[in-house]
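Colleague: Give me coordinates for this.
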Amino acid sequence: MSTTVSPVLTRRAFTLHEDWVVVVLGGLLIGLSLLGLPFAVPVFNWNSTAELTGKVFSAANLQLILTQFVYLAAVAGIGARLTGKSVRNFALGFPLVYLLTLLALIVAGSPQARGLGLEAVIFSLLAGLIVSNVFGLPDWLRATLTTELFVKIGLVLLGTSVIFGDILKAGSLGLVQALVVVLSVWYFAFWTCRKLKVDDELTMMIASGVSICGVSAAIATAGAIKGDPKKLSYVISLVLITAIPMMIFMPYAAHWLGLSQEVTGAWLGGSIDTTGAVVASGTLVGETALKISTIVKFSQNVLLGLAAFAISLYWTYTNHPNAAEPEGKPTLGVIWERFPKFVLGFIAASLLFSFFLAPETTDGLKAGLKSAQGWWFALAFTSIGLETNFNDLFKQENKKPLYAFLIAQTFNIFVTLGIAYLLFR
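Modeller: All right, here's what the predicted structure looks like:
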């Protein structure tokens, strides 16, 4: 007796790496602006209760806010779909992120906040932290958060306001700084972990996370050495939680030290471990500091592929279990695999606005694109707050990895300050 099995056609969802999705979405936003569909720019600044109700909450402004929400939700929804996230869960979670960010921008628009010089990203972060640490988040909602996606879209749009000559100048100096910082800080962190008898996997993740680019470096290192996901989660928690006080207090320390925006930007970009926190911190200082800090952080990000390749070599050819696995042998493809592709979108946007568009065209697009950039950054920091739980830092009984991380980060802050001052003053 024979049986026939009818073939079942299954369709695999088309997905892209997050960095390529960011390039696509950033290009889409710029393209829509060029086609005459600019980003809505509502008003959030107010000086009195009458202005708050009559201007911010006016029917015309609320219509702009609604248009903006639909615009952001549609683009972010496409991003969720292309990166393989649940669109249904995203549709349920994004309105919360948007609402918290909207409230943060309204608070930041108050005369008291403007008088203190506090930017919207600070209030976005605080709103997310309060919800996460006081009320808690269900796992499904936490899984919908796309912090890196939001940050990287904002960074691609930032390229529209950065003249390409600035990239060449600051990027060359940033690469010199990145090489010195990454090598010195990585070795110091590695040495510190060894002295404190931290295990090998955590040692590699901590050293890379502190010295290169935070979460991305820790993830790349974990992939290169096939590390324990629980240890990776712990290092990511350390990176995110320590980035918060750094991004808030370092701009004020720079002001107290009398540092220029160029030196401050290089210091922030070289020492703060997450791209998003670098952007928020640079925003607190000024436009020049934001541009320099971003370019310097990009310079460090570019080294991620080379670092992952070198770590793969070290790990594979030492006495570790992975050394016996043929598929664990590193190849040059690791460099391209780890290379942050969204940097290409940033450079392409800068080239377009530096050389290919007429000045009157770029002037007409700046307000909308700058507003869109600010919103993506603000959404990212609401998400950072929502996904950061301070209890995660204290779950580990063994505090030695925490001590090693903090010691290495302190070393990173002072070394990067010295190098930034020498190169960018």
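
Colleague: Tell me how far stretch 124-131 lies from the chain's centre.
Modeller: Relative to its parent chain, stretch 124-131 has a centroid offset of 17 Å by CA atoms, centre = their mean, to the nearest Å.

Colleague: contacts for that stretch?
Modeller: 100-101, 103-105, 137, 244, 280, 378-379, 381-388 (CB atoms under 8 Å, 6 or more residues apart in numbering). Every residue, glycine included, has its C-beta placed from N, CA and C.

Colleague: 10 Å - rerun?
Modeller: When contacts are defined by CB atoms under 10 Å, 6 or more residues apart in numbering, stretch 124-131 is touched by residues 96-97, 99-105, 107-108, 118, 137, 145, 147, 244, 247-248, 276-277, 280, 375, 377-390.

Colleague: Stretch 356-372 too?
Modeller: Here stretch 356-372 has contacts from 26, 29-30, 32-34, 37-42, 68, 71-72, 75, 153-154, 157-161, 287, 349, 352-354, using CB under 10 Å, 6+ apart.

Colleague: Mark which of the contacts of stretch 124-131 are part of helices, please.
Modeller: Judged by DSSP state H, the contacts of stretch 124-131 include 96-97, 99-105, 107-108, 147, 244, 247-248, 276-277, 280, 375, 377-387 as members of helices.

Colleague: Low-confidence ranges, the stretch 301-425 of the chain, go.
Modeller: For the stretch 301-425 of the chain, applying pLDDT under 70 flags the ranges 301-306, 308-309, 312-313, 315-340, 390, 392-398.

Colleague: residue ranges of the helices in it, please?
Modeller: Remark: helices assigned in the stretch 301-425 of the chain by DSSP state H, counting those that start in this stretch are 333-338, 342-351, 359-387, 400-424.

Colleague: Where does the prediction get shaky in the stretch 101-250 of the chain?
Modeller: Low-confidence segments of the stretch 101-250 of the chain (pLDDT under 70): 115-119, 162-171, 215-216, 219-220, 222-224, 226-230, 232-233.

Colleague: quick one, helices of it?
Modeller: For the stretch 101-250 of the chain, applying DSSP H, counting those that start in this stretch gives helices covering 111-116, 120-130, 139-144, 147-158, 164-195, 200-208, 215-225, 229-257.

Colleague: which element is L37 on?
Modeller: Assigned by DSSP states H and E, L37 falls within no helix or strand.

Colleague: C193 contacts L202, doesn't it?
Modeller: Yes - applying CB atoms under 10 Å, one finds C193 in contact with L202, separated by 7.0 Å.

Colleague: highest average neighbour count across the helices of the stretch 101-250 of the chain?
Modeller: Highest mean neighbour count among the helices of the stretch 101-250 of the chain (mean count of other CB atoms under 10 Å): helix 147-158, with a mean of 26.

Colleague: Please dump the helices of the stretch 101-250 of the chain into TSV; it should also carry distance to H17 for every row.
Modeller: Below are those laid out as TSV (distance: least, CB to CB, whole Å):
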stretch	distance to H17
helix 111-116	38
helix 120-130	26
helix 139-144	18
helix 147-158	11
helix 164-195	23
helix 200-208	20
helix 215-225	12
helix 229-257	19
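
Colleague: Let me know which of those is the nearest to E18.
Modeller: When those are compared by CB to CB, helix 147-158 sits nearest E18, at 5.9 Å.

Colleague: just how off-centre is that closest one within its chain?
Modeller: The gap between the average C-alpha position of helix 147-158 and the chain average comes to 7 Å, counting by CA atoms, centre = their mean.

Colleague: gap between A289 and A80?
Modeller: Going from A289 to A80 by CB to CB, to the nearest Å gives 32 Å.

Colleague: quick one, which of these two is more surrounded?
Modeller: With neighbours defined as other CB atoms under 10 Å, A289 and A80 compare such that A289 has more, 26 against 23.

Colleague: Which strand or helix spans that one?
Modeller: Secondary structure from DSSP H and E places A289 in helix 287-316.

Colleague: what about burial for the contacts of stretch 124-131, which qualify?
Modeller: Buried members of the contacts of stretch 124-131, counted by 16 or more other CB atoms under 10 Å: 96-97, 100-102, 104-105, 107-108, 118, 137, 145, 147, 244, 247-248, 276-277, 280, 375, 377-389.

Colleague: so which helix or strand takes in the nearest residue to S110 once chain neighbours are set aside?
Modeller: Distances taken as CB to CB, 6 or more residues apart in numbering place W46 nearest to S110, at 6.6 Å, with adjacent residues excluded. Using DSSP H and E, W46 is not contained in any helix or strand.

Colleague: What of E51?
Modeller: For E51, the host element (DSSP H and E) is helix 49-51.

Colleague: Distance of G364 relative to D19?
Modeller: 29 Å.

Colleague: and if you look at E262?
Modeller: Counting by CB to CB, the gap from E262 to D19 is 28 Å.

Colleague: Please apply the same query to W46.
Modeller: From W46 to D19 the distance is 38 Å (CB to CB).
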